[in-house]
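1. please work out how this folds:
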Amino acid sequence: MILILKWIVFMNILILGAGLMSRAIAYDLCRYSKSSVTIGDNSRDAIRSIRDFLKDEPLNYIRIKAESISDINRVFKKMDLVISAVPYKYNYMLAKQAVKNSTSFIDLGGNNEIVHKELSLMKEARKKGVIIIPDCGLAPGLVSIITRSIVDEMDHVDFVKIRVGGLPLQPKPPLDYQLVFSIHGLINEYAEDALILDNKKIILKPSLTEVEKIRFKKPFGVLEAFLTSGGCSTLPYTYKERIGYLDYKTIRYPGHCEKIRLLFELGLADEKPITIGNKKIIPREVLVELLDKHLPKKGEDVVLLRVHSRGDVDNETYDVTYSMVDYGEPEHGISAMMRTTGYPVSITALMIEQNVIDEHGAYTPEQVIPPGLFLKEIKRRNINICKKKKHLIKK
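-> Residues are numbered from 1 along each chain as shown. Model (predicted):
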């Protein structure tokens, strides 16, 4: 039996999905929110697992199918805010139903096309008096707000180079990687083209290209970073007139990109069916199953972040760099990827709850989330982001 708790609430918040990110979001909301928080999933096992993990928290649990419009409408109409922690392919449909039911909606993003569809709900969201914000996780999300902070600080920004990666502390061959979030999201990052802002032009470049070396303090040393999709999301559009160049690259242990690119060049990421014998098989589904089977899912992780920028303030040039090395909270069962992705989502929800974000409509994080307050909340959770500002003498 699923225990349902009822109490006097400020808001009714639903976290849709009962995976790893949901654990971190719920864990954080239980510490800082005044609201009633419900976790919904269609899997009894998933609900049982997250309930056991959060057994000391005052949470509600319900069965709900993300694919079912009737299920969604039945639950959404009782909620003030829905947080989507399900695969990105559902987010546009869920955002539409949230608006229909006069419910605010935020998610973790993951796909540029779907995010743009969500933002097209601006007029309907305003009419219904609700707030829609996609891309509220780590990248996009946290990095989007850091980028806004840079833009707000400078008169003109020459470039912003965003580098982020979630890595195992004990890498295992052949890929030196472990699953720290959705396998579908991971493959989408590698398969879709990367967005680049270059001199007021938004261009597409293939992911898994432009490999560069990047150095972090011991024990990491020299790593690699390469273009991937989704991490900068709407930033090239938002700052087309304010930033000269912007790109996003994923950080991995050396050699990872070459190995993944080989799998992709062999066609294992293709979504078009192929015929083997008398059966039709979708190669990407095979790749998903194999990676899910063979990649480690347990073990301590680290999230590395570096956002390097250069720009002008009062005719003086500065380098500004934000850096983060986060090891999570293993004592609480919260990985680095869980908290650096989940806590930005819960902070966004709290800002809606507390009317810090109160303008109705569909917005990106960089449009409506105040960077100073947001980064203070990040620090409050012991996610330490170091900012270095260096004055460059013009020749």
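2. count the residues that sit near the nearest residue to Leu54 once chain neighbours are set aside.
-> Leaving aside its chain neighbours, Leu54 sits nearest to Ala26 (5.8 Å; criterion: C-beta to C-beta, 6 or more residues apart in numbering). Just so you know, the C-beta spots here come from the backbone N, C-alpha and C atoms, and that holds for glycine as well. Around Ala26 there are 26 other residues, counting by other C-beta atoms under 10 Å.
3. need the residues that contact whatever helix or strand Ala26 lives in.
-> Following DSSP states H and E, one finds Ala26 within helix 20-32. With C-beta atoms under 8 Å, 6 or more residues apart in numbering as the test, helix 20-32 has contacts from 13, 15, 35, 37, 39, 41, 50, 53-54, 57-59, 83, 85, 108, 137, 180-181, 332-335, 337-339, 341-343, 345-347, 349-350, 381.
4. for it, buried residues please.
-> Across helix 20-32, burial judged by 16 or more other C-beta atoms under 10 Å covers 20-30, 32.
5. ok, now stretch 369-382?
-> Per 16+ other C-beta under 10 Å, stretch 369-382 contains these buried residues: 369, 371, 374-375, 377-378, 381.
6. between those residues, which sits nearest Glu224?
-> For those, the minimum distance to Glu224 (C-beta to C-beta) is 26.4 Å, reached by Ile378.
7. ok so, going back, show me the contacts of helix 20-32 that map onto helices.
-> Here DSSP state H is the test, and those give 50, 53, 337-339, 341-343, 345-347, 349-350 as lying in helices.
8. with pLDDT and neighbour count added, can I get those residues in CSV?
-> Listed next are the ones in helices among the contacts of helix 20-32 as CSV, based on pLDDT from 0 to 100; neighbours: other C-beta atoms under 10 Å:
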residue, pLDDT, neighbour count
Ile50, 95, 23
Phe53, 94, 18
Met337, 95, 25
Met338, 95, 27
Arg339, 96, 28
Thr341, 97, 26
Gly342, 97, 29
Tyr343, 98, 27
Val345, 98, 29
Ser346, 97, 29
Ile347, 97, 27
Ala349, 97, 28
Leu350, 96, 19
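9. could you dump stretch 103-113 to PDB, C-alpha only?
-> Extracted C-alpha coordinates of stretch 103-113, given in PDB (Å, rounded to 0.1, in the frame of the first residue of the first chain):
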ATOM      1  CA  THR A 103      -0.800  24.600 -13.600                       C
ATOM      2  CA  SER A 104       2.700  26.000 -13.700                       C
ATOM      3  CA  PHE A 105       5.300  23.700 -15.200                       C
ATOM      4  CA  ILE A 106       9.200  23.300 -15.100                       C
ATOM      5  CA  ASP A 107      11.500  20.600 -16.400                       C
ATOM      6  CA  LEU A 108      15.100  19.500 -17.000                       C
ATOM      7  CA  GLY A 109      15.100  20.200 -20.700                       C
ATOM      8  CA  GLY A 110      17.200  18.000 -22.900                       C
ATOM      9  CA  ASN A 111      16.100  18.700 -26.500                       C
ATOM     10  CA  ASN A 112      16.300  22.100 -28.300                       C
ATOM     11  CA  GLU A 113      13.200  21.500 -30.500                       C
END
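10. how far does that stretch sit from its chain's centre?
-> Here stretch 103-113 is found 9 Å from its chain centre; the criterion is C-alpha atoms, centre = their mean, to the nearest Å.
11. next one: stretch 75-88
-> So, by C-alpha atoms, centre = their mean, the centroid of stretch 75-88 is 16 Å from its chain's centroid.
12. of all the residues in it, which ones are buried?
-> Going by neighbour count (16+ other C-beta under 10 Å), the buried part of stretch 75-88 is 75-76, 79-88.
13. quick one: mean pLDDT for the helix holding Ala26?
-> Across helix 20-32, the average pLDDT comes to 95.
14. mind listing what Phe181 touches?
-> By C-beta under 8 Å, 6+ apart, the neighbours of Phe181 are 20-21, 166, 337, 341.
15. ok, those vs Leu263, which is closest?
-> Nearest to Leu263, judged by C-beta to C-beta, of those is Gly166 at 19.4 Å.
16. test of understanding: give the bridge partners of that closest one.
-> Taking DSSP bridges as the rule, Gly166 bridges to Val303.
17. alright, I will stop here.
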